[in-house]
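Trainee: Sequence below, structure please.
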Amino acid sequence: MKINTKRIAIVTMISVGLSVIGACERNEPSRKVISTNVSSTIAPEHAATNSNLPYTVLAKELRVPWVIAFDRDDIYISEREGSIVKVSGVVMTRQPVNLHKNVQAKGEGGFLGFLLAPDFQQSRRAYAYHSYEEAGEIRNRVVLLEQNGGQWNEVNALLEGIPGAANHDGGRLAFGPDKLLYVTTGDAQQGELAQDLNSLAGKILRITLNGKVPEDNPFPNSYIYSYGHRNPQGLAWNEEGVMFNTEHGPSGNPGGHDEINIIEAGENYGWPDIYGDGQHDGMITPIYHTGDPAIAPSGMTIDSNNRLLIATLAGGALYRYDPAAKTMESIFEGEGRLRDVKIKEGKIFIITNNTDGRGIPSKMDDRLLMLN
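Mentor: Residues are numbered from 1 along each chain as shown. Below is the predicted model:
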């Protein structure tokens with residue numbers, strides 16, 4: 001067994017007091033939705049949650065939102081059916097995305113990761129990850145988009161043919177400190193693919209901004225940066241450049257064992273051979289796992305104190321993990337499933353995910369919330 005000690009020691013595994021809920025999402029029928037460039041005005045609303053933390057509603061009636069992205073005072077949110085919502089002040093505009101291959105919004109798949117280019121102010125370009133169908137099979141692709149007025153057009157595909165399925169499609173995009181693009185992929189419900197270095201499934205990929213393989217990737221001529229992942233959902237780096245990820249553990253019996261890992265180039269994170277406290281030569285044990293309860297971690301960010309903030313689906317809460325104190329705690333709950341979390345100017349922003357077919361949506365769901 002390899003034990004990751006580059007920045008912090010292995011922690012004593014802590015059991016999170018939640019009811020046992022499966023980490024995977026059930027299959028849903030395909031959705032065919034035509035997005036239109038429609039604006040609406042949102043009146044900011046204040047409310048109190050079960051944890052007595054007030055928030056402001058910045059957008060409502062979102063359609064299975066997935067990612068929050070900031071452009072100065074504007075906020076962009078990807079929706080799984082294949083559209084992008086722009087929130088500018090109290091005005092919310094749903095903008096269509098024109099792709100060369102149709103979005104396959106089924107189960108956990110669809111229009112997922114979305115990331116504004118570093119030079120977005122000048123280029124109006126962004127990166128996206130979405131599911132599609134080809135020859136009767138679900139696949140995923142990474143594409144470059146360009147905003148043209150109130151719509152987005154595909155410029156070109158950077159990477160295609162990533163194995164997909166109704167569940168376990170990964171989909172998170174993030175820029176690393178090295179200014180390269182990192183992409184998470186799920187095991188496409190075929191656990192053995194996570195250990196196969198000839199497959200892009202169950203991996204964290206590292207690519208250049210024009211879709212090439214970086215010369216210093218750990219495996220020659222391969223996009224693969226790390227492997228042995230089940231369904232990695234969160235990526236973030238602390239101020240020291242340490243890379244963390246969150247991912248879903250097994251479903252059924254046993255279930256739970258959702259993970260936090262420190263990611264290093266070329267390492268094997270064990271799925272499906274080990275999970276939780278499991279050990280095996282050449283495989284990395286997580287720095288934290290939930291034990292039997294499933295929280296289904298999704299988007300993640302890191303605060304100014306190097307603590308991880310993690311949006312959870314099955315957990316229905318925003319969790320904070322402190323690597324120094326080795327503690328995991330719920331800091332916000334009561335609004336159902338949470339898909340993504342971001343911090344901007346000291347404020348925490350989250351999106352609910354109650355319209356994804358597994359939650360219990362209110363008339364206002366889904367919503368973009370700013371914690372006060």
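
Trainee: Tell me how many other residues crowd residue 325.
Mentor: 10 (other Cβ atoms under 10 Å). Using the backbone N, CA and C atoms, a C-beta is placed for each residue, glycine as well.

Trainee: Kindly provide the distance from it to residue 90.
Mentor: 39 Å (Cβ to Cβ, to the nearest Å).

Trainee: So residue 194, which state does it fall into?
Mentor: Assigned with DSSP: H, G, I helix; E, B strand; the rest coil, residue 194 falls in the helix class.

Trainee: That one contacts residue 204, correct?
Mentor: No - the criterion here is Cβ atoms under 8 Å, and residue 194 misses it with residue 204 at 11.0 Å.

Trainee: Mutual contacts of the two, please.
Mentor: Residues touching both residue 194 and residue 204 (Cβ atoms under 8 Å, 6 or more residues apart in numbering): 227, 229.

Trainee: Confirm residue 355 sits in a helix?
Mentor: No - under three-state DSSP, residue 355 falls outside any helix and is assigned coil.

Trainee: what residues are up against it?
Mentor: Contacts of residue 355 (Cβ under 8 Å, 6+ apart): 62, 63, 64, 361, 365, 366.

Trainee: between those, which is nearest residue 153?
Mentor: Each of these was scored against residue 153 by Cβ to Cβ, and residue 63 proved nearest at 20.5 Å.

Trainee: So for the closest one, what's the pLDDT?
Mentor: At residue 63, the predicted lDDT confidence score is 97.

Trainee: Excluding chain neighbours, what is closest to it?
Mentor: With Cβ to Cβ, 6 or more residues apart in numbering as the criterion, residue 63 has its nearest non-adjacent residue at 4.6 Å, and that residue is residue 79.

Trainee: how near is that neighbour to residue 153?
Mentor: 17 Å.

Trainee: How about residue 266?
Mentor: Here the criterion is Cβ to Cβ. By it, residue 266 lies 36 Å from residue 153.

Trainee: try residue 227
Mentor: Noted for residue 227: a distance of 33 Å to residue 153, by Cβ to Cβ.

Trainee: and what of residue 133?
Mentor: 21 Å.

Trainee: Who is residue 371 paired with across the strands?
Mentor: Taking DSSP bridges as the rule, residue 371 bridges to residue 55, residue 348.

Trainee: Would you enumerate the residues in contact with it?
Mentor: Residue 371 touches 53, 54, 55, 332, 347, 348, 349, 350, counting by Cβ under 8 Å, 6+ apart.
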